[in-house]
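Q: My questions are about this predicted structure, shown below with the sequence.
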Amino acid sequence: MKLAHSILAASSLLALLTPSARAQDSTGLRVSVQVPDSVAHVVDRERPREARFAIVSRDGKAELLLMDTTIVAQLTDRGLARIDSREITDTIKGTGHRILARMALGAIVPLMDHGIAYHLRDLADARYANGRLLLVRANGDEVFGDTEIGNGPLMESFQPDDARAFAGRARAARARLR
């Protein structure tokens, strides 16, 4: 997916430009999105209050929204603000590296100000198992299975009760579309 490659390229650029920041700041925000083109699409950020149901990751940086016909994974306002924060680059020694890092951030923030949506009509099952929210396609592939936002896999970042509730509501929403 073009967005995934752009995000990863921009993140890699930032990492190359800011090796001292990575060593000094372990609270940075890591984002990795890997989804096939035919499965998901990029959308403008959704407002959680307009969702049928929403859950937020334990670290407060990512959210999963159940909309009328889609499930959207996106950064929270807090997660987006963390990327756009000057704190990330303020610890970089050397004016040139700091300027280049801020330029890279300037390119990353507009990319991250979007969500990745998956159509409910293509969802075969939704459940919580082994500490993970599972959104499964008919072919058995996981939706957002390889997506990482924050400190690890997105689908493992939710409280168990929240994940179970989301799975139940996703199944119900999918059934209403039939």
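A: That came through, no problem.
Q: What residues of the helix or strand containing V136 count as buried?
A: Using DSSP states H and E, V136 sits in strand 132-137. Within strand 132-137, the residues that qualify as buried are 132-135, 137, counting by 16 or more other Cβ atoms under 10 Å. Yep, even glycine has a C-beta here, placed from its N, CA and C like the rest.
Q: average model confidence for it?
A: Averaging pLDDT along strand 132-137 gives 96.
Q: again, but for stretch 142-157
A: Averaged over stretch 142-157, pLDDT sits at 88.
Q: quick one: the helices in this structure?
A: Taking DSSP state H, the helices of the chain run over residues 2-17, 19-24, 77-83, 87-90, 95-112, 160-177.
Q: nearest to R58, of the buried residues of strand 132-137?
A: When these are compared for distance to R58 (Cβ to Cβ), L133 wins out at 12.3 Å.
Q: how much space between that closest one and V42?
A: For L133, the distance to V42 equals 21 Å [Cβ to Cβ, to the nearest Å].
Q: Quick one: low-confidence residue ranges for this protein.
A: Scanning the chain for pLDDT under 70 picks out the ranges 1-39, 84-90, 104-111.
Q: can you rerun that using 80?
A: Applying pLDDT under 80 to the chain flags the ranges 1-40, 81-95, 97-113, 149-151, 178.
Q: what's the distance between the nearest residue to L135 once chain neighbours are set aside and A175?
A: Nearest non-adjacent residue to L135, counting by Cβ to Cβ, 6 or more residues apart in numbering: V143, 4.0 Å away. Distance of V143 to A175, given as Cβ to Cβ: 17 Å.
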